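Enquirer: Build me a model:
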Amino acid sequence: MTLGGDESRSKPADTNPSGNLVHEFKNASLYLKLQVERHIRSIEPAGFPIWSDNGYKFYTPQGLPKEAETGYKAAMQSISERHQQMRKKLEAYYERNLLNPEAPPMPNISRLLLPATPLAALCSFRVELSPKSVRRLCAALLANDSLELQWAAKQLYIAARQQWPEDFKGPLETETAPESLNNIIAKLADERLQFNSADTQSVKLLSASPKLEFDLLAESIYPYSTLSLEEIIEEVSDWSYQQKYDSLKQASAEPGLLLDKISYKFDMITDHLLLEEVSALIGGGPQTQNPSPRNGYDVDPALETAGIDELFIECFDESLKLFSTLQKAERDDLTVYSSLLGHKLRWQLSASAEEMKTLIDHNGDESYKSLIKNVREQLTEAHPLMWEVLYEDIASRAAAHKNRVKPAKRRTSRKRK
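Expert: Next up is the predicted model:
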């Protein structure tokens with residue numbers, strides 16, 4: 001797949017009742033779709049595409065040296081072949097155990113294979129954009145190192161100019177600085193910071209506001225009092241512990257009265273699947289780092305049960321080899337295409353207590369439950385009474401720490417020295 005304007009088209013304004021721009025991408029990379037989806041939620045189809053539905057085709061970046069391009073195509077072909085083998089073996093396994101009551105429950109085949117899907121996998125999707133959304137999305141795509149994402153920004157801008165000529169008179173390039181702030185910061189990070197992180201904690205609470213949960217009482221009382229906030233805080237500080245607890249419980253019974261006043265910030269290390277599941281539940285685009293085969297991955301025990309775990313691991317081995325090939329060719333800007341959906345990446349979650357409660361109440365798979373259990377423990381440490389009021393079944397913080405759920409199996413790639 002090479003870049004070209006015939007891979008992208010827009011529908012005229014008069015065919016869309018909302019008056020927004022409806023833009024369709026044909027044969028784009030999954031990486032492009034994920035980047036668009038983190039800024040714009042009006043995407044069809046949403047979520048992750050099934051690679052087999054597009055014939056296991058993949059995006060090949062332009063401008064690769066001949067040797068690197070050969071290695072790139074060979075690696076992608078190898079991953080796609082293993083992907084097909086896994087699907088056939090899984091179908092055979094499911095058929096054999098269809099009527100076997102003793103067979104362990106297994107996830108959906110496509111869902112089980114999603115982690116082994118490369119970000120270079122081809123997919124098609126369409127987006128609906130207002131003029132404001134076009135500007136925001138184009139700015140984000142243009143700041144990326146990927147030529148594919150920059151091309152997508154230009155195609156969107158051209159389509160927007162055709163639909164709204166008065167709003168998009170100037171060229172796209174004139175609306176950005178000669179060198180974006182993102183690129184400047186990225187260079188500083190590359191030059192001044194260590195390449196590898198020693199911190200591999202999957203969930204870390206960076207901040208919780210307010211620090212003292214009884215300060216929430218003063219905030220909740222403020223609209224109904226004539227005292228200043230400082231005076232209310234002073235009054236509340238003289239209450240007994242039981243008075244504070246009872247009042248906090250009473251205030252938390254009012255939806256939105258307290259929970260929207262509490263905010264948290266987490267540093268997370270998960271795969272794309274968990275990142276997208278969390279983002280879909282609370283909305284907003286999280287701040288993410290680029291995924292890398294060097295961040296490691298998890299192996300679902302169901303893969304071993306079906307006897308395809310070695311094929312699965314081989315997909316990640318091929319991905320790591322391709323990553324090294326692109327680095328050797330001095331194309332670090334393209335290493336993201338060597339990553340698979342199952343590779344870990346670091347990202348930040350900023351959410352209110354109301355949004356955190358939404359995440360806790362959601363019933364996900366075992367990986368999601370393990371992540372949220374970890375999150376819930378740290379929320380309880382930061383604001384113990386608040387979360388005890390909301391969930392009276394929460395055990396003591398010490399006991400929670402001892403019973404953290406860990407992945408059944410984890411593969412971590414060797415890191416570059």
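Enquirer: can you give me how far stretch 239-248 is from the chain middle?
Expert: Chain-centre distance of stretch 239-248: 39 Å, with CA atoms, centre = their mean, to the nearest Å.
Enquirer: for stretch 73-80, same thing?
Expert: Put simply, stretch 73-80 sits 25 Å off its chain's centre (CA atoms, centre = their mean).
Enquirer: Ok, stretch 133-146 next?
Expert: In terms of CA atoms, centre = their mean, the centre of stretch 133-146 is found 17 Å from the chain centre.
Enquirer: Leu275 contacts Arg346, doesn't it?
Expert: No: counting by CB atoms under 8 Å, Arg346 is not a contact partner of Leu275; they are 10.0 Å apart. Where C-beta positions appear, they are placed from N, C-alpha and C, glycine not excepted.
Enquirer: Return every residue with contacts to both of the two.
Expert: Common contacts of Leu275 and Arg346 (CB atoms under 8 Å, 6 or more residues apart in numbering): 268, 288.
Enquirer: Just the element for the spatially most central residue of the chain, please.
Expert: Residue closest to the average C-alpha location in the chain (CA atoms, centre = their mean): Leu275, at 3.1 Å. Secondary structure assigned from DSSP states H and E places Leu275 in helix 272-282.
Enquirer: Please name the nearest non-neighbouring residue to the residue nearest to the centre of the chain.
Expert: Trp347 (5.8 Å; CB to CB, 6 or more residues apart in numbering).
Enquirer: Quick one: list the elements packing against the one helix or strand the one you found maps to.
Expert: Assessed by DSSP H and E, Trp347 sits inside strand 345-352. Applying 3 or more CB pairs under 8 Å, 6 or more residues apart in numbering; DSSP states H and E, one finds that strand 345-352 makes contact with strand 263-270, helix 272-282, strand 287-288.
Enquirer: separation between the residue nearest to the centre of the chain and Gly296?
Expert: Remark: distance between Leu275 and Gly296 (CB to CB, to the nearest Å) = 15 Å.
Enquirer: For Gln84, which non-adjacent residue is spatially closest?
Expert: Using CB to CB, 6+ apart, the nearest residue to Gln84 is Tyr56, at 6.8 Å.
Enquirer: Run a quick neighbour tally on that neighbour.
Expert: Neighbour count of Tyr56, defined by other CB atoms under 10 Å: 19.
Enquirer: Quick one: mean pLDDT over the strand holding Trp347.
Expert: For strand 345-352, mean pLDDT rounds to 94.
Enquirer: for it, which positions count as buried?
Expert: For strand 345-352, a neighbour-count test (16 or more other CB atoms under 10 Å) marks 345-347, 349, 351-352 as buried.
Enquirer: and after the helix or strand hosting Leu303, which helix or strand comes next?
Expert: Here Leu303, judged by DSSP H and E, is contained in helix 301-305. Later in the chain than helix 301-305, the nearest helix or strand by DSSP H and E is helix 309-328.
Enquirer: Which residue ranges of the stretch 151-300 of the chain form helices?
Expert: 181-192, 215-221, 229-237, 241-252, 272-282 (DSSP state H, counting those that start in this stretch).
Enquirer: just to revisit the earlier point, please list all residues in contact with the residue nearest to Gln84.
Expert: Taking CB under 8 Å, 6+ apart as the criterion, Tyr56 is in contact with 80, 83-84, 121.
Enquirer: hmm, back to that, specify the stretch among the helices and strands packed on strand 345-352 that is closest to Asn27.
Expert: helix 272-282 (20.2 Å; CB to CB).
Enquirer: Touching, the residue nearest to Leu275 and Leu274? I think so.
Expert: No: using CB under 8 Å, Trp347 is not in contact with Leu274, being 9.7 Å away.
Enquirer: just checking, what packs against the top helix by length along the chain?
Expert: The single longest helix within the chain, with elements called by DSSP state H, is helix 66-96. In terms of contacts (3+ CB pairs under 8 Å, 6+ apart), helix 66-96 is packed against helix 109-113, helix 309-328.
Enquirer: mind listing what's buried in it?
Expert: For helix 66-96, the neighbour count (16+ other CB under 10 Å) marks 68-69, 71-72, 75-76, 78-80, 82-83, 86-87, 90, 93 as buried.
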